[in-house]
Structure formats: structure tokens, C-alpha cells
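Need a 3D model of the following:
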Amino acid sequence: MRDFRDAKAMAHTLRAALAAKGHTVTNSESLELIAQAFGAADWNTLSASIRGEAARPRNNAAPPQFPTTATMHRALDYAYRRKHRYETLEHLLLALIDDVDASAVMKACKVDLGALREKLTNYIDNDLKPDDAGEPKQSAGFQRVIQRAELYAEGRGRPIRTGAELLLGIFPETQSPAARLLHEQGMTYQDAVNFIIHGTVKGGGDAAA
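Here you go, the predicted model:
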């Protein structure tokens with residue numbers, strides 16, 4: 001019996017079967033129908049699951065379950081829905097606003113999440129042009145941030161990365177709008193480290209304020 005990793009082949013079969021009955025659907029529509037059949041929100045989400053399954057070790061050891069899985073899916077979805085060629089750091093930072101760990105760090109560093117969301121959304125919608133080149137690929141900067149996050153987590157003796165480590169990984173990308181927008185909010189790498197490592201809130205007070 002086929003499983004979700006056969007989704008593309010199943011979508012092709014479904015499209016052909018519908019065409020034989022006089023019902024024309026596009027390739028994208030057939031993919032969305034298959035995603036729904038597997039209980040996924042959309043094809044983008046199911047596709048990410050397929051990639052994750054393909055990357056699993058070929059032994060009996062279970063792969064690490066990253067707390068950032070939903071966050072990474074959101075970042076991909078932001079790019080996919082806007083037909084962007086690449087997932088950028090701006091897609092990632094927008095997704096991190098709704099990440100429990102990353103948002104806690106940003107709040108502790110006195111970031112106005114509403115204002116940050118508005119500026120990121122404006123940049124993504126107006127400065128990044130649609131390309132419709134298929135499923136977005138991670139930009140080089142995006143990949144570097146993921147690598148840094150894993151190193152940061154390892155350095156802290158943690159087996160897996162969280163949104164907090166991903167957020168830290170953005171700061172060295174000084175030429176990116178994402179890093180610039182954090183800087184405009186008065187947030188620094190050291191502010192983030194102070195909260196993550198020492199629990200120190202910038203300027204004192206309540207991080208949730």
C-alpha cells in the first residue's frame with residue numbers, strides 16, 4: 001500500500017483518473033487534493049514532511065524531533081504562498097514571531113512583535129517578487145542560520161535546536177533586512193544571549209510586558 005511518500009505519483013494518477021471522467025484539474029490542484037487526503041493542511045506542509053522522511057537515518061534510531069518543525073513549515077509556507085523562489089531570512093523571522101522560544105527572547109529584548117510583523121510582511125509582499133519557480137529553496141543565508149543554530153544548541157549541551165537558536169543565527173547576517181529590522185528594534189545578539197543563557201531581561205522588568 002502506498003504511503004505519503006508516494007504523494008506525487010498518487011496526484012498524477014488522480015489527475016489522469018479525473019481527466020478520463022471529463023474532470024480537468026491542474027497539477028497543483030491534484031497535489032492539494034492528495035495533501036488533504038493525508039490530513040495535511042496543504043501540499044506545502046505534506047511536501048515538507050516528505051523531505052523530512054527522506055532525510056531520516058536508515059537505521060532503527062528515531063531522528064531528533066525539532067521543536068522548530070512547525071516554525072520551519074510556516075517559513076516555507078510564507079514563501080510558497082507568495083510564489084517566491086527562495087525561503088529567505090525574512091520568511092524565517094516572520095515565522096519566528098509565532099515560535100514560543102524565539103518570541104520569548106524577543107519579548108525579553110523589548111521587541112515590538114506587532115511592529116516587526118508589519119515591517120516583515122510589508123517587505124515580503126512588496127520587495128520580494130513572485131517567481132512561481134515551484135517549491136521555494138532555502139537561500140544561502142537561511143542555510144547558514146540553520147547551521148549556526150545547530151552549533152549554538154550543541155555548544156549549550158542541547159540535543160536539538162529551538163527557535164531561540166535560530167533567532168541567534170540571524171544576527172551575523174548583517175546585510176539581511178531581517179537582521180536590520182531586529183537592530184531597528186534595539187535588539188542585539190548580546191541581548192538575546194543574556195536572556196537565553198542567564199535569563200536577563202533587557203532593561204529589567206517583565207519579559208511578557
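
Could you tell me which residues within stretch 99-106 count as buried?
Buried residues in stretch 99-106, counting neighbours by 16 or more other C-beta atoms under 10 Å, are found at 99, 101-106. To be clear about C-beta, it is placed using only N, CA and C from the backbone, and glycine gets the same treatment.

Helices of the chain, residue ranges please.
For the chain, applying DSSP state H gives helices covering 7-20, 27-37, 43-54, 69-81, 89-96, 100-108, 113-126, 140-155, 163-170, 177-184, 189-198.

Mean pLDDT lowest where, among those?
Ranked by mean pLDDT, the helices of the chain bottom out at helix 43-54, which scores a mean of 66.

okay, which residue is most central for this structure?
Met72 (2.4 Å; C-alpha atoms, centre = their mean).

Surely that residue and His91 touch.
No - using C-beta atoms under 8 Å as the test, Met72 is too far from His91 to be in contact (10.0 Å).

domain ranges for the protein?
Following automatic domain parsing, the chain resolves into domains at 1-63, 68-209.

Most tightly packed of those?
Stretch with highest mean neighbour count among the domains of the chain: domain 68-209 (a mean of 18; mean count of other C-beta atoms under 10 Å).

could you redo the helices of the chain as a markdown table and give each row distance to Ala133?
Shown next, in a markdown table, are the helices of the chain (distance: least, C-beta to C-beta, whole Å):
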| stretch | distance to Ala133 |
| --- | --- |
| helix 7-20 | 17 |
| helix 27-37 | 13 |
| helix 43-54 | 14 |
| helix 69-81 | 11 |
| helix 89-96 | 15 |
| helix 100-108 | 28 |
| helix 113-126 | 16 |
| helix 140-155 | 16 |
| helix 163-170 | 24 |
| helix 177-184 | 21 |
| helix 189-198 | 33 |
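
Let me see the backbone angles for the nearest residue to Ala133 once chain neighbours are set aside.
For Ala133, ignoring the flanking residues on the chain, the nearest one in space by C-beta to C-beta, 6 or more residues apart in numbering is Arg85 at 4.7 Å. Dihedral pair for Arg85: phi -70, psi -40, per degrees, to the nearest 10.

Can you give me the pLDDT of Arg85?
Predicted confidence (pLDDT) for Arg85: 92.

Isn't it up against Glu135?
No - using C-beta under 8 Å, Arg85 makes no contact with Glu135, being 9.8 Å away.

quick revisit: between the buried residues of stretch 99-106, which sits nearest Ser28?
Within the buried residues of stretch 99-106, the smallest distance to Ser28 is 28.3 Å, found for Asp99 (C-beta to C-beta).

Next up, the contacts around the closest one.
Taking C-beta atoms under 8 Å, 6 or more residues apart in numbering, we find Asp99 in contact with 68, 70-71, 162-163, 166.

can you redo these as TSV with distance to Ser176?
Output for these, formatted as TSV (distance: C-beta to C-beta, whole Å):
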residue	distance to Ser176
Thr68	19
Ala70	23
Thr71	18
Thr162	21
Gly163	17
Leu166	13
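
Of the residues you listed, which is the nearest to Pro177?
Taking C-beta to C-beta as the measure, Leu166 is the one of the contacts of Asp99 closest to Pro177, at 16.4 Å.
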